[in-house]
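Engineer: coords please:
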Amino acid sequence: MTEIRKEPTIILACGRIRCRRCQALSKRSREQCKKPALKGKAVCGFHGGKSTGPRTREGRQRIASTRTIHGGETRAKRRERSASDARMRNFEDLIHVLGMTTAPRWRGRKPNGYVAITTVEQAKAWIVADILRLQHKVKL
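Structural biologist: Below is the predicted model:
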C-alpha cells in the first residue's frame with residue numbers, strides 16, 4: 001500500500017492567500033480534504049474543527065463516564081441489545097430443532113452470549129432457563 005502524503009498548506013484566492021490545509025482523509029477515496037483548516041486547528045469545520053469539547057470539570061467527567069461509541073450508544077445499551085439478539089437467535093434455533101419451520105436462518109455475525117441449540121434436550125433446557133430468567137427479572 002502506498003503511503004499517503006498530506007499537504008500541509010493550501011493556496012487560495014489566485015495565490016494571494018496561503019493557509020493550513022485540513023488534515024482529514026476520506027475513508028472512501030483516501031484523499032486529503034481540500035478545504036482550509038480553521039484558525040488554530042488541524043481540520044476544517046466539517047471534520048470537527050468547530051468542536052470545543054466539554055469545558056467544565058463536570059462536563060469532562062460526564063463524557064468520561066458515559067463512554068459512548070459514535071455518540072449515541074453506551075456500552076450498557078450495546079450489551080442489552082446483544083443479549084436480546086442472542087435470545088432471538090435461540091428462539092430461531094428452537095423452532096428449527098422442533099421442526100416448526102424450514103425457512104432459511106439468520107446470516108451474519110453471532111451476538112455475544114449466543115450458544116447454539118442443536119438438540120431437543122438443549123431446547124428443553126434453554127426453555128426452562130429462559131422461564132427462570134424471566135421470573136427472576138420480574139421479581140426485581
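
Engineer: So I10, which state does it fall into?
Structural biologist: State at I10, reduced to three classes by DSSP: H, G, I helix; E, B strand; the rest coil: strand.

Engineer: for the nearest residue to it once chain neighbours are set aside, which residues make a bridge with it?
Structural biologist: The shortest distance from I10 to any non-neighbouring residue, by Cβ to Cβ, 6 or more residues apart in numbering, is to R21 (4.0 Å). Using the backbone N, CA and C atoms, a C-beta is placed for each residue, glycine as well. Following DSSP bridges, R21 is listed with bridge partners P36.

Engineer: I figured R21 was touching T9, is that so?
Structural biologist: Yes. In this structure R21 lies within contact range of T9 using Cβ atoms under 8 Å: 5.7 Å.

Engineer: Looking at the two, which is more packed in?
Structural biologist: Applying other Cβ atoms under 10 Å to R21 and T9 shows that R21 carries more neighbours, namely 22 against 11.
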